[in-house]
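Undergrad: model the structure of this input:
(3 chains)
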Amino acid sequence: MFTAITQQSPDAGLLHNLNPEQLAAVTLPAEHALILAGAGSGKTRVLTTRIAWLLQTGQVSPGGIMAVTFTNKAAKEMMTRLAAMLPLNVRGMWIGTFHGLCNRLLRAHYKLANLPQTFQILDTQDQLSSIKRLYKQFGIDDERYPAKQMQWFIGGCKEDGLRPAQVVVKDPETRKKVEIYQLYEEQCQREGVVDFGELMLRSYELLRDNDPIREHYQRRFRHILIDEFQDTNKLQYAWIKMLAGTGAHSSVDGAFQPTGCVLAVGDDDQSIYAFRGARVGNMTDFVREFGVKHQIKLEENYRSGSNILDSANALISNNSKRLGKNLRTAQGPGEPVRVFEATSDFAEANWMVDEMKQLVREGHERKEIAVLYRSNAQSRVIETALFNAGMPYKVYGGLRFFERAEIKNALAYLRLLENPRDDTSFMRAVNFPPRGIGARSLELLQDAARATGCALSDAVSGLSGKAGANIGAFLAGIEVLNEQRQGKKLKEIVELVLKHSGLRAHYEADREGADRVENLDELVNAAESFVSIEGFGRDVVALPVDELGNVLTQSPASQGLDLNQPVQDIPAPDLETGETLSPLAAFLTHAALEAGDNQAQAGQDAIQLMTVHASKGLEFDCVFITGMEEGLFPHENSMTDRDSLEEERRLMYVAITRARKRLYLSHSQTRMLHGQTRYNLKSRFFEELPEEALKWITPKHQGFGGGFGSAGVTSNSGATHAYHTSARGQFGTDYSKYTTAAAPVPVQKTPPGGLQVKQKVFHAKFGEGTVLSLEGSGDDARAQINFPRHGVKWLALSVAKLTPVP
DNA sequence: TGCCATTTTCTTTTT
DNA sequence: GAAAATGGCA
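TA: Okay, the predicted model is just below:
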C-alpha cells in the first residue's frame, strides 16, 4: 500500500521551503540531537525529510535507519510521506511503534527470548481476564487486591524494568502483590503469551543479555529517530539507550564503538500521558546522558493566527516545569477566540450545532470542524444534538474493531488453533456460544490443570463424567478445525471458524445481532485483504551494503541507484532464515497490535468528535473546546496536586493549538454528570488567557431564567463583556434561544417531497418501517419512523437513505 | 446452567 | 444515565 512514486528528480529540493531551524535540524551532523518542536511547527516534516536527506546523500542505507513512533497512525504517516519523497520501498524499513518493533525483534529471536514462535499478545482486556483467572485459581481476594489495580501494578513494574525479584518490598501488601506478579509471569510463560509491557521488557532483556545480538543491532541502526519523545517511559528510554549503544552496555572489550545516533523530537508542553508512565524528564536525561550537543527549537508555527497562539502561549506560561519555548507566527492575528457561556450542557450542544450549520453555510467542510472534550461521557449530549439536526458526525474513541466482543470471540478460536496452550482464549471460547459448560465444570478442569501444571486443553483428557464429555467435545471440535484448516487460505480459515464454532449462527439467531454479524463479515474481509498488506515474505537484497549498513556505492544519484527496491533485512546472528510466521499467526499479531479504526464508515464529510487526548497531532480549521468548567477541565481528579494540574494545562494547550482558523471555548452553568445535575464554575483556564485575544459571544441577557437560583455561579465579568451582543447581533445568530433549556423550535415549512405519513419505507440498517410524522424542509427535513425491530427513530432525510416500499 | 434483577462505578489511553 | 459486574433464583 505504500507503493513508492517512481518518477523523481533526485536533487529536486528535499530541503526546499524549510525555514532555517528546520533546515538545521534536517541536515544535522551524525550526532545525538534533541529537537524541541512546538505544536504546528512542521515536526513530522522535519523527521521525514531528515530520513530522506540521510538516504539521498548516501549517508545511510534504508536498513540502517530506525524510526520509532507511538501510534500506528504516526508510523503510517511517516512511511507515506517518505515514500512520496523518495522512490523507496519503505515496507522493509524499521519504521514502527515501540511495540511493533519489539514484536519484530522477539519474533526474529524467539528462541533466545525464550518464547514460542507463535506467541500471542494479550491486550489490556485479555490481561485483566488473565489476572482474574489467576485469582480464582489461587484463591486470591479480589477485594483486597483488586485485579485492575494489580494490572496497573504489573504494568508499572514492567515499565520500570523490574521483574518480581527486583521489586523492592517494604511492606506485607507489596510482598503479596509481588507474589501475584510472579504467579502471573509464570502463567503467561506457560501459556506462551505476552502483554504489552512484556513486549518492551522482554526485547530489552534480549538485547541486554545477548552481546552478539545487541552489537549486531547497534552496528546496524546508525540513525535512530524518535517521535513524541516526551511520551516515552523509563523502559522505552532504556531500550533506546541500549540500541544506540550509549551507556553501560556498549563495548565490553573496547573493540567496538557504537555508532548509532539518536534524534529525539518532542515537545514538553504537549506531554499529556504522565498518568500512564510517560516521563518528560527523559528529555533532560537524554541531553545529559547522551552528551547532546545539538538542540534545536522549532518555534515557528504554520498553523494558527496570533490570537490563538497568544492564548496558547499565555496559558502554558503558567506552568513551572518547562524547557522554555514560545510559538510565533508570521500570520496576522486571525480571528479572535470565541467564548460562549451556556446555561446547560444541552443548550451548549444546540448552540454548537447552529454555529456549525453557519460554518458549513460559509463553506467550511464538516471534517474540518472538530469538537473536543475532556472526557468521553461528554460526547453523548453533543451526539444527540447533531443527530437531531441531521448533521453527519464521527466519534473517535470507544470500542475499536478488534476489541469488539464478537471479534474477540472469533479471535479466541483462531488463537486456540495457533496455540492450544493459550488459556485466556480457551476460557473465552469454551462456552461461547453456550454449550452447557458451566462454572463447575471449568473449576474441575482448572483444578486438574493446576495439579499437573499443564494447559487447560491438556487437562481435558484427565476429566471424567459430564464435564469431561462436554469439554472433550469442544476440544474435538477445535481439532477438527485444525485438520480442516490445513492448506486453506487465511480468509477461508476465518470463515471455517465462524461456521464451525457456531459463532455466526449464534449472532444470526440474536434479534439484535445484525451489527455483530456484520462485524464478523468485516473480520473475514480483513483477513482477505491482510496478506496483501503485510506480505510476510522474505525481502530480497537490493542495496549493496556492508554489515554496518553502510551503502557501498557512492551517492544514489551518481550511481543511478534504485531505492525503489525491497529493503534488505540484514540477518542477525540468531535469525532463523526461511522460518516464517504462518499467515494466521501474523494476522493475530496484527489484530493485537493494531486494534483497528473505531468506525468502518469512512470518507463521509462529517463533524469530528473526540477527546482532547485523541486530538493530539491533528489539526482542524475550526475547533470547539467544550465543557470548560472546573471539575471537568481541569478534571476534578487532577485539581489537587500541582503536577497533574500542570498536565491538565498542557492538555488545554494541546487543545488550543489544534485550531487553524477559528477557535471556540464554551462552558455551561449546569451539566448532567453521573445522572445528576451539577453546577460548575467556569474553568480557571479562562483567567490565564489574554483578554485581548478573546471575544465573548454570550448575550448579555442570558441567565438562569429564574429556574436555578443556585450556587456561586456568576456571569462573567470584566472588560470582555464589552463584546456581548444582543440577540441576533452581529454574528447572525439568535443566541437567546440557548438561554432556555428548550430545544430550538424547528421552522415548519412545506413537508419534504417523496414521503408521506403512514408510508412504508425501507432503511438499510433498521429494515422496514412506517413514517409517523415529518418536519422541517431541505437539509433540516426529518422523519419520525417506526421500525418494528428497532423502535421509533427520528431520521434526517438528508442523511438517511430511505427507499419507499409500495 | 443461565437468566434476570440489583448494585456499583464512572478521566484521559496506545500498544 | 448507563454499562458492566455481581448475586440470587428458577
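Undergrad: where does chain A dip in pLDDT?
TA: A:1-12, A:247-258, A:512, A:531-579, A:596-603, A:699-758, A:763-768, A:770-801, A:806 (pLDDT under 70).
Undergrad: quick check: residues of it near DNA strand C?
TA: A:D142, A:A377, A:R380, A:M672, A:H674, A:G675 (C-beta under 7 Å from any atom of the strand). No exception for glycine: its C-beta is placed from N, CA and C like everyone else's.
Undergrad: would you report the backbone torsion angles of the second one?
TA: Read that as A:A377. phi -60, psi -20 (degrees, to the nearest 10).
Undergrad: can you list the residues of the stretch 151-300 of chain A near DNA strand B?
TA: Checking the stretch 151-300 of chain A against DNA strand B by C-beta under 7 Å from any atom of the strand, the hits are A:F196, A:I272, A:F275, A:R276.
Undergrad: if you could redo that for the stretch 501-650 of chain A, that was the one I meant.
TA: A:L593, A:E594, A:A595, A:M610, A:T611, A:H613, A:A614, A:H635, A:N637, A:S638, A:S644, A:E648.
Undergrad: could you rerun that using 10 Å?
TA: A:589, A:592-598, A:610-617, A:632-640, A:644-645, A:647-648 (C-beta under 10 Å from any atom of the strand).
Undergrad: and the residues you listed, which are buried?
TA: Among these, those classed as buried by 16 or more other C-beta atoms under 10 Å are A:589, A:592-596, A:598, A:610-617, A:632-635, A:638, A:644-645, A:647-648.
Undergrad: ramachandran angles for the residue in the stretch 101-250 of chain A positioned nearest to DNA strand C?
TA: When distances are taken as C-beta to the nearest atom of the strand, the stretch 101-250 of chain A reaches nearest to DNA strand C at A:D142, 6.4 Å away. A:D142 adopts backbone torsions of phi -70, psi -20, taken as degrees, to the nearest 10.
Undergrad: check which helix or strand the nearest residue to it once chain neighbours are set aside maps to.
TA: Using C-beta to C-beta, 6 or more residues apart in numbering and skipping the chain neighbours, the partner closest in space to A:D142 is A:Y135 (5.7 Å). Assessed by DSSP states H and E, A:Y135 sits inside helix A:124-138.
Undergrad: just after that helix, pick out the following helix or strand.
TA: Helix A:124-138 is succeeded, C-terminally, by helix A:147-159 (DSSP H and E).
Undergrad: and the angle for that following helix with helix A:124-138?
TA: 110 degrees (axes from the mean of the first three to the mean of the last three C-alpha atoms, to 10 degrees).
Undergrad: could you dump helix A:147-159 to CSV, C-alpha only?
TA: Extracted as CSV, the C-alpha positions of helix A:147-159 are listed here (Å, rounded to 0.1, in the frame of the first residue of the first chain):
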residue,chain,number,x,y,z
ALA,A,147,-7.4,-7.1,39.7
LYS,A,148,-7.5,-3.7,38.0
GLN,A,149,-5.1,-2.3,40.5
MET,A,150,-2.9,-5.4,40.1
GLN,A,151,-2.8,-4.9,36.4
TRP,A,152,-1.7,-1.4,36.9
PHE,A,153,1.0,-2.6,39.4
ILE,A,154,2.3,-5.2,37.0
GLY,A,155,2.4,-2.7,34.1
GLY,A,156,4.1,-0.2,36.3
CYS,A,157,6.8,-2.6,37.3
LYS,A,158,7.5,-3.6,33.8
GLU,A,159,7.7,0.0,32.7
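Undergrad: show me where the stretch 401-550 of chain A has helices.
TA: A:405-418, A:423-430, A:439-452, A:456-459, A:465-484, A:490-500, A:503-509, A:514-534 (DSSP state H, counting those that start in this stretch).
Undergrad: tell me which of the ones you listed sits most buried.
TA: Most buried of the helices of the stretch 401-550 of chain A by mean neighbour count (mean count of other C-beta atoms under 10 Å) is helix A:423-430; its value is a mean of 25.
Undergrad: I'd say A:A449 and A:A459 touch.
TA: Yes. Using C-beta atoms under 8 Å as the test, A:A449 is close enough to A:A459 to be in contact (3.8 Å).
Undergrad: what's the span of stretch A:495-515, first residue to last?
TA: 17 Å (C-alpha to C-alpha, to the nearest Å).
Undergrad: now do it: everything it contacts.
TA: For stretch A:495-515, contacts defined as C-beta atoms under 8 Å, 6 or more residues apart in numbering pick out A:406, A:409-410, A:413-414, A:417, A:429, A:432-433, A:435, A:477, A:480-481, A:484-485, A:488, A:516-517, A:520, A:523-524, A:765, A:789.
Undergrad: and the angle for the helix holding A:Y135 with helix A:405-418?
TA: Using the same axes, to 10 degrees: helix A:124-138 against helix A:405-418 is 70 degrees.
Undergrad: contacts only, for A:F153.
TA: Taking C-beta under 8 Å, 6+ apart as the test, what A:F153 contacts is A:K177, A:Y181.
Undergrad: how about a cut-off of 10 Å?
TA: A:F153 makes contact with A:Y145, A:P146, A:V167, A:T174, A:K177, A:V178, A:I180, A:Y181, A:Y184, according to C-beta atoms under 10 Å, 6 or more residues apart in numbering.
Undergrad: what subset of those is buried?
TA: A:Y145, A:V167, A:K177, A:V178, A:I180, A:Y181, A:Y184.
Undergrad: hang on, the second one packs against A:R175?
TA: To tie it back to what came earlier, the one meant is A:V167. Yes. Using C-beta atoms under 10 Å, A:V167 is in contact with A:R175, at 9.3 Å.
Undergrad: that older thread, tell me what the helix holding A:Y135 is packed against?
TA: Helix A:124-138 sits against strand A:120-122, helix A:147-159, helix A:172-191, strand A:193-195, helix A:196-209, helix A:405-418, helix A:423-430, helix A:439-452, with contacts defined as 3 or more C-beta pairs under 10 Å, 6 or more residues apart in numbering; DSSP states H and E.
Undergrad: out of those, which comes closest to A:E528?
TA: helix A:405-418 (14.3 Å; C-beta to C-beta).
Undergrad: for the residue in chain A that DNA strand B sits nearest to, give me its contacts.
TA: Across chain A, no residue is closer to DNA strand B than A:G438, which sits at 2.0 Å (C-beta to the nearest atom of the strand). Going by C-beta under 10 Å, 6+ apart, A:G438 touches A:N431, A:A467, A:N470.
Undergrad: is it true that the second one touches A:N431?
TA: Just to be clear, that refers to A:A467. No. Checked against C-beta under 10 Å, the pair A:A467 and A:N431 is beyond contact range at 11.5 Å.
Undergrad: need the residues touching each of those two.
TA: Joint contacts of A:A467 and A:N431 (C-beta under 10 Å, 6+ apart) are A:I437, A:G438, A:S441, A:L442.
Undergrad: quick check: phi and psi at the first one.
TA: When you say that, I think you mean A:I437. Per degrees, to the nearest 10, the backbone of A:I437 is at phi -110, psi 110.
Undergrad: what is the neighbour count of it?
TA: 18 (other C-beta atoms under 10 Å).
Undergrad: that one: what's its closest spatial neighbour, skipping adjacent residues?
TA: A:N431 (4.2 Å).
Undergrad: quick check: the residue of the stretch 101-250 of chain A closest to DNA strand C touching A:M150?
TA: Yes. If you go by C-beta under 10 Å, A:D142 and A:M150 touch, sitting 9.0 Å apart.
Undergrad: compare these two and say which one has the larger neighbour count.
TA: Set side by side, A:D142 and A:M150 show more neighbours around A:M150, with 23 against 14, by other C-beta under 10 Å.
Undergrad: mind checking how far the residue nearest to the spatial centre of chain A is from A:Y664?
TA: Centroid-nearest residue in chain A, with C-alpha atoms, centre = their mean: A:T71, separated by 6.0 Å. Applying C-beta to C-beta, to the nearest Å, the value for A:T71 to A:Y664 is 27 Å.
Undergrad: what count of nearby residues applies to A:M79?
TA: 20.
Undergrad: er, A:T44 I mean
TA: Around A:T44 there are 17 residues (other C-beta under 10 Å).
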